[in-house]
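# got a sequence here, can you model it:
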Amino acid sequence: MDNVSKIKKHSRNFYLLLSGFLAIIPFYYLLYWILINQLPDTLISVNINAPGLSPNHLPVTLQVLGFAFSLLPMSALGYGLINIRQLFSYYRQGVIFSFEHVILFKKTAKGLVLWVLASIVYESAKSVIFSLGNPPGSRVIGVSFGSPELTTLVIGGVVFFIAWVMDEGRVLNEENELTV
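The predicted model follows:
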């Protein structure tokens, strides 16, 4: 089996895996917010030491609000996954080196950056939602930026750099094809 055939075969598997993620992730967020009152504290608590954190008793309105905020990172993640899945769709067809690949890599990098920003907003909103039942003075808003966010931003930068290099390679490849 030659390399292009292997790329096509493995690309099909990644395409299917990413399609599964696109179906499972919204379902996960929906179940998380529907079942929030039945989940153990370790799954829903935020990293705070506020007394009287609302333990597992969120009214439906706050559950809906929490799910609405979860649409931010879910949309950014979905955007990135759709672009990566499209990339594997091209590989699956045997298209390895094209301008469309460059565009998809740039969109993926943008999706990663958006995912970080949306996750910061979402996690901050969760901290407010989970402590909203606390008495005044004990409510919390937590805004954090740590290693996972930094790592994701670095990966986004690397993906953008790869897109740039691929575009230069594509231009050189097109010039070589025109050379007789």
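# any idea which helix or strand comes after the lowest-mean-pLDDT helix or strand in the chain?
Least confident helix or strand of the chain, by mean pLDDT, DSSP states H and E, is helix 41-44 with a mean of 63. Scanning forward in sequence from helix 41-44 by DSSP states H and E, the next helix or strand is helix 60-92.
# may I see the buried residues of that next one?
The neighbour-count check on helix 60-92 (16 or more other CB atoms under 10 Å) flags 62-63, 65-67, 69-70, 72-74, 76-92 as buried. In short, each C-beta sits where N, CA and C put it, glycine included.
# what's that helix packed up against?
Helix 60-92 sits against helix 3-34, helix 99-131, with contacts defined as 3 or more CB pairs under 8 Å, 6 or more residues apart in numbering; DSSP states H and E.
# let's see that with 10 Å instead.
helix 3-34, helix 99-131, helix 147-178 (3 or more CB pairs under 10 Å, 6 or more residues apart in numbering; DSSP states H and E).
# and the angle for the longest one with helix 147-178?
Going back to what we said before, that points to helix 99-131. Relative orientation of helix 99-131 versus helix 147-178 (axes from the mean of the first three to the mean of the last three CA atoms, to 10 degrees): 170 degrees.
# packing partners for helix 99-131?
Packed against helix 99-131 by the contact rule (3+ CB pairs under 10 Å, 6+ apart) you find helix 41-44, helix 60-92, helix 147-178.
# just the mean pLDDT for stretch 122-135, thanks.
In this model, stretch 122-135 has a mean pLDDT of 85.
# ok, now which ones touch the residue nearest the centre of the chain?
Taking CA atoms, centre = their mean as the criterion, Leu77 is the residue nearest the geometric centre of the chain, at 2.6 Å. Leu77 makes contacts with Phe21, Leu22, Ile25, Pro26, Tyr29, Gly111, Leu112, Leu114, Trp115, Ala118, Ser119, as judged by CB atoms under 10 Å, 6 or more residues apart in numbering.
# so where's the chain uncertain?
Applying pLDDT under 70 to the chain picks out residues 1, 41-56, 180.
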